[in-house]
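>>> This is a predicted model, with the sequence first.
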Amino acid sequence: MEFTVKLTDAQSRVIIEKGCHTHLKDYMDFNGRVMVVTDDNIPDSLKETVLNQFDGAILAEVPQGEKAKSFEIYGDLLANLLENGFSRKDFIIALGGGVVGDLAGFVASTYKRGCRFVSIPTSTLAQIDSSIGGKVAINMNGIKNCVGNFYHPETVFVDTDTLKTLETRHFYNGLAEAVKAGCIGDAQLFDIFKNHAHELAADSPYLEEIITRSLLFKRSVVQQDEKEQNLRKILNFGHTIGHAIESLYNLKDYYHGECVANGMIMITEDKQIKKDLTDIFAKMHIPFVKEPDADKCIGFIKNDKKAAGGTVDIVKVDRIGQAYIEKTAIEEMKKYFGRQL
Ligand SMILES: NC(=O)c1ccc[n+]([C@@H]2O[C@H](COP(=O)([O-])OP(=O)(O)OC[C@H]3O[C@@H](n4cnc5c(N)ncnc54)[C@H](O)[C@@H]3O)[C@@H](O)[C@H]2O)c1
Ligand SMILES: [Zn+2]
């Protein structure tokens with residue numbers, strides 16, 4: 001299966017096919033040099049499979065985890081490209097999860113004002129969510145994604161075979177973003193989770209459909225609102241509270257998707273939807289955050305870039321498959337914290 005994300009000044013071709021990462025040149029012409037950016041926790045076999053397809057390809061490995069989205073590592077990668085004489089016609093391939101995608105994409109967007117960029121997402125989070133939409137960024141002064149850009153990969157190779165080595169907790173963490181996509185825009189996708197959340201794995205027959213539906217929904221939103229002027233904000237369902245929980249725990253104890261899952265449950269008022277979400281996430285072994293400190297969380301929301309003039313745009317879902325944005329006084333957000341079943 002394949003589709004295109006059409007943007008004002010760019011487009012991304014998305015290929016969703018088992019095994020595609022093993023024969024990349026069958027899909028596009030790599031008429032330039034190649035640097036593969038990856039992290040030190042991605043299995044060697046994956047790295048070798050990609051590297052061996054290109055003569056003289058360079059492997060650039062960064063430390064795994066959020067800390068790689070730093071100015072220092074960003075600078076190291078630029079220096080590496082420069083020392084190896086890369087031009088803007090050459091390729092950066094991101095091979096890894098959302099961290100590698102955000103970092104390599106930001107490097108690609110700025111090196112010589114933009115070189116060619118291809119993505120091979122290898123985590124569920126990256127395959128479901130971060131690999132399309134063009135948001136690329138690094139962190140600064142402890143603030144996530146504070147320095148970044150919009151830059152779209154020309155091709156995204158989504159290969160569920162690469163997920164076989166992903167740790168179970170990361171596997172479910174990424175799927176939380178697909179549950180989100182179901183809630184806000186695709187009731188059939190939500191039903192897959194209602195019926196099969198207990199049996200999802202890398203080789204599950206439903207996985208490719210989950211990823212495809214999530215990406216197609218994200219495409220429809222991004223194509224209508226490329227730069228997050230308005231509609232794209234609905235993708236933030238569960239995220240206002242989720243980000244606050246991430247900050248509360250210093251981005252350590254819980255992963256992003258886990259925090260968003262908790263955020264979705266807390267912000268939902270409809271009893272049935274709240275129950276369904278709780279059941280689905282329990283089956284996916286998502287840890288529940290017990291009564292986070294509401295006052296501290298409100299403080300984080302106040303500092304969030306999306307909060308202006310004491311209010312914040314929150315995303316609500318009263319009917320599965322439909323979302324709306326509600327401007328809410330930040331102080332009023334207190335009532336949502338800890339409101340699980
Ligand atoms: N750009 C966007 O639109 C967007 C959207 C959501 C999240 N993000 C960003 O994505 C990042 C989180 O992404 P993530 O959850 O993928 O984290 P990650 O990139 O840190 O990957 C999670 C862990 O899984 C490992 N891993 C990845 N693929 C593997 C594989 N196939 N086999 C074995 N191990 C593997 C990684 O080494 C890492 O340790 C955050 O920085 C977040 O800000 C970006
Ligand atoms: Zn998210």
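Looks like it arrived, so ask away. Ligands and ions are numbered 1, 2, ... in the order given.

>>> For the residue nearest to Asp318 when sequence neighbours are not counted, grab the count of nearby residues.
Leaving aside its chain neighbours, Asp318 sits nearest to Asp270 (5.3 Å; criterion: Cβ to Cβ, 6 or more residues apart in numbering). Any C-beta I mention is one placed from the backbone N, CA and C, and that applies to glycine too. With neighbours defined by other Cβ atoms under 10 Å, the count for Asp270 comes to 14.

>>> Report the mean confidence score over the strand or helix carrying Asp191.
Per DSSP states H and E: Asp191 is located in helix 187-196. Here helix 187-196 scores 98 as its mean pLDDT.

>>> Residues of the chain that sit close to ligand 1?
39, 41-43, 64-66, 69, 96-100, 102, 122-123, 125-126, 129-130, 133, 135, 144-145, 162-163, 165-166, 170, 174, 256 (Cβ under 6 Å from any ligand atom).

>>> Show me the helices in this structure, by range?
For the chain, the helices defined by DSSP state H occupy 44-51, 71-83, 98-110, 124-125, 168-185, 187-196, 207-224, 239-248, 256-267, 271-283, 294-303.

>>> Adding mean neighbour count, write the ones you listed out as CSV.
Listed next are those as CSV, based on neighbours: other Cβ atoms under 10 Å:
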stretch, mean neighbour count
helix 44-51, 16
helix 71-83, 14
helix 98-110, 25
helix 124-125, 27
helix 168-185, 24
helix 187-196, 17
helix 207-224, 20
helix 239-248, 24
helix 256-267, 27
helix 271-283, 18
helix 294-303, 16
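
>>> could you redo those as TSV and give each row distance to Glu154?
Formatted as TSV, the helices of the chain follow (distance: least, Cβ to Cβ, whole Å):
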stretch	distance to Glu154
helix 44-51	16
helix 71-83	17
helix 98-110	10
helix 124-125	21
helix 168-185	23
helix 187-196	27
helix 207-224	15
helix 239-248	28
helix 256-267	26
helix 271-283	35
helix 294-303	36
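
>>> closest one to Lys316 among those helices?
helix 256-267 (6.7 Å; Cβ to Cβ).

>>> Packing partners of the closest one?
helix 168-185, helix 239-248, helix 271-283, strand 311-319 (3 or more Cβ pairs under 8 Å, 6 or more residues apart in numbering; DSSP states H and E).

>>> Which of the helices of the chain comes out lowest on mean pLDDT?
What stands lowest among these, in mean pLDDT terms, is helix 294-303, with a mean of 89.
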